[in-house]
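Chemist: What follows is a predicted protein model with its sequence.
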Amino acid sequence: MEGYSFLAVKVVLVLVLLVQFTAADHSHKKHAGDGVQPLSKIQIHRAVYELHENASVKAYPVLLGTKGEDSQWVTIEVASPKPAEDDWLAVFSPADFNSSTCPPTDDREVAPNICSAPIKYRFANDSNAGYTKTGKASLRFQLINQRADFSFALFSGGLSTPKLVAVSNSISFANPNVPLYPRLAQGKDWNEMTVTWTSGYNINKAVPFVKWGLKGEAQIRSPAGTLTFPRGSLCGPPARTVGWRDPGFIHTSFLKDLWPNSLYTYKLGHKLSNGSYIWSKSYHFKSSPYPGEDSLQRVVIFGDMGKAERDGSNEYTDYQPGSLNTTDTLIKDLDNIDIVFHIGDIVYANGYISQWDQFTSQVEPIASNVPYMIASGNHERDAPGTGSFYDLNDSGGECGVLAETMFYVPAENRAKFWYSTDYGMFHFCIADSEHDWREGSEQYKFIEKCLASADRQKQPWLIFAAHRVLGYSSAQWQGGAFGEPMGRESLQKLWQKYKVDIALYGHVHNYERTCPIYQNQCVNTEKSHYSGTVNGTIHVVVGGGGSHLSAFGPVQTSWSLFRDYDFGFVKLTAFNHSSLLFEYKKSKDGKVYDSFTISRDYKDVLACVHDGCEPTTLAP
């Protein structure tokens, strides 16, 4: 059979894996609300031959993106003489998944010894109810441009004892190296926008830049820096083993001296060594308002979204059930959003690097048009023995490398993922809950400096955010603790002293809003409208971005005003210096299910509250 000789070439493999390569899954300490990365269920190191001359997998079209598309649907025709309910189809990229970069081999092991996980998979009987009877199936996959070609492999034996039955022809995008998936972020100055994107071009092949300018006016070019990372920079399995995939090259350009509140257009470019140019499609963004500017300003905040596949692949117990709903609802309302904060647990790749490309593709319609600011979560940073505050392997060996490289944040040191940023009347202090934030720590000093630097006459709305709940949550969480007790003990005096309006968190996958609170006590009796001096900080858990939901505990706390076990996000709208609207919207319909307003003047911010004023002097 023609496909059989092709398969024979593809499966000349060497031993690659130790059992520890999949051990990362089992070392991950799961808690309420966490799913298991679907790719980790595949015991790929156990794969053996079960080639059959009458089995086949055919993929078409062979050439993708001929009209400049960066994603395309493909059709896979499967035939098997011995169909079974647990047969599954894997997508590999690069197509030659028997990589020459496999670790050293032991010839006594049984081939094929596949050393890299697929980028996605589906069961053969998915949408093909008759497969187990006929042995015929037709499946559709959506592929995105990921800088390499693709092939499809049919396995029997389920995910735990995979047997390689057949491999397809390879297919590829017309230009796999093109610049893709731009994500905007605020720069270190209010009038600076950064653009980060991914391509297959290193600096020795092409010079990256952004062509940009005010809409309708002359365009200029700004150079971009280029980063990547090797396998050795990662901290453990599966990121260093079966989860490894070449990340390509990550470019960032800094667009400076922007006019406030103005519409700009931009295009990503690479100048090749032969003098020709490779261009992305055109995008646009609105620049940040001047700090303190009195204009309509709208902020969206959520955590724990993750990614999902529109073709239904990679589904394992409904892994990220709300991810696409959140994404699509934000896209529909994008004209009414100015900036987005995704406060940790970004992708849930958990060491499977291919998933980061797929996430940046998923959020591109958002991140290419408004600043997409991220915070570090446990699924980005935590890895044993690497200095993370929590000694778990929630990142699957990524230890922050992917988040720090794939997205820009205006931190002094991106390995220490805390930063401040201004947006008009808002001042944001974004903490990194995966590093020490206790009193006396380096991050504690940053948090106090960030809060103290807010000029409340110009920026009345002071917002604190972190991934883990450093404040209050009544979820059923680690033995019943409400949030992170050490967080409250260390940080509440700062929130009170600097009169933080709202503190937001992810990590707990639900929605909850507290009263204005200080030292476990409500300090204001209002529930939906706050006027004058508020006296404390409102704490909000908004971790229902898309991943598994977290249950609430049995205790009915006095400070919890609203709870929702559903997917959603928060929207803050500053109408002026005196009026703020807070809304909680569900991802499924974009409708408001909880809200409150704050109305006050500058004198109300200055007013003394308990533990919130400096000592006075009687000196004349």
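Modeler: Structure's in. What do you need? Residues are numbered from 1 along each chain as shown.
Chemist: which residues in the stretch 351-500 of the chain form strands?
Modeler: Using DSSP state E, counting those that start in this stretch, the strands of the stretch 351-500 of the chain run over residues 372-375, 419-423, 426-430, 461-466.
Chemist: and the shortest one, what does it pack onto?
Modeler: Helices and strands in packing contact with strand 372-375 are listed as strand 180-186, strand 339-343, strand 426-430; criterion 3 or more CB pairs under 8 Å, 6 or more residues apart in numbering; DSSP states H and E. Every C-beta, even on glycine, is put in place using the N, C-alpha and C of the backbone.
Chemist: I'd like the ones you listed laid out as a markdown table, including mean neighbour count and mean pLDDT.
Modeler: What follows is the helices and strands packed on strand 372-375, written out as a markdown table (neighbours: other CB atoms under 10 Å; pLDDT from 0 to 100):
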| stretch | mean neighbour count | mean pLDDT |
| --- | --- | --- |
| strand 180-186 | 24 | 98 |
| strand 339-343 | 26 | 98 |
| strand 426-430 | 25 | 98 |
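Chemist: Which one of those strands lies nearest to Glu85?
Modeler: strand 180-186 (36.3 Å; CB to CB).
Chemist: still on that earlier bit, quick one: closest of the strands of the stretch 351-500 of the chain to Ala454.
Modeler: Between the strands of the stretch 351-500 of the chain, strand 426-430 lies closest to Ala454; by CB to CB that is 4.1 Å.
Chemist: isn't Val167 right next to Phe155, touching?
Modeler: No - when contacts are counted by CB atoms under 8 Å, Val167 is not listed as touching Phe155 (10.1 Å).
Chemist: Compare the two (neighbour count), which wins?
Modeler: Between Val167 and Phe155, counting by other CB atoms under 10 Å, Val167 is the more crowded of the two (29 against 26).
Chemist: Phi first, then psi, for that one.
Modeler: phi -130, psi 140 (degrees, to the nearest 10).
Chemist: Take the strands of the stretch 351-500 of the chain and lay them out in JSON lines including distance to His529.
Modeler: As requested, these are arranged in JSON lines below (distance: least, CB to CB, whole Å):
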{"stretch": "strand 372-375", "distance to His529": "29"}
{"stretch": "strand 419-423", "distance to His529": "24"}
{"stretch": "strand 426-430", "distance to His529": "20"}
{"stretch": "strand 461-466", "distance to His529": "16"}
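Chemist: Which one, of those strands, ends up nearest to Val57?
Modeler: Across those, closest to Val57 is strand 372-375 (CB to CB), at 37.0 Å.
Chemist: looking at this protein, which helix or strand does the model trust least?
Modeler: helix 23-27 (a mean of 31; mean pLDDT, DSSP states H and E).
Chemist: Need the three-state assignment for Arg221.
Modeler: Of the three states, Arg221 takes strand under DSSP: H, G, I helix; E, B strand; the rest coil.
Chemist: Any stretches of the stretch 251-400 of the chain with poor pLDDT?
Modeler: 316-318 (pLDDT under 70).
Chemist: Then the stretch 101-250 of the chain?
Modeler: In the stretch 101-250 of the chain, residues with pLDDT under 70: 101-112.
Chemist: quick one: the helices in it?
Modeler: 131-134 (DSSP state H, counting those that start in this stretch).
Chemist: Asn350: what's it in contact with?
Modeler: Contact analysis of Asn350 by CB atoms under 8 Å, 6 or more residues apart in numbering lists Ala24, His28, Gln37, Ser40, Pro238, Gly243, His379, Asp394, Ser395, Gly396, Glu398.
Chemist: Now flag whichever of the residues you listed is closest to Ser151.
Modeler: Distance to Ser151 across the contacts of Asn350 (CB to CB) is lowest for Gly243, with 18.6 Å.
Chemist: my guess is the closest one meets Ser395, correct?
Modeler: No - between Gly243 and Ser395 there is no contact under CB under 8 Å: 10.7 Å.
Chemist: the more surrounded of these two?
Modeler: With neighbours defined as other CB under 10 Å, Gly243 and Ser395 compare such that Ser395 has more, 32 against 28.
Chemist: follow-up on the earlier one: mutual contacts of Gly243 and Ser395, please.
Modeler: Common neighbours of Gly243 and Ser395 (criterion: CB under 8 Å, 6+ apart): Asn350, Gly351.
Chemist: which element follows the least confident helix or strand of the chain toward the C-terminus?
Modeler: strand 48-49 (DSSP states H and E).
Chemist: elements contacting that following strand?
Modeler: strand 163-167.
Chemist: Done for today, thanks.
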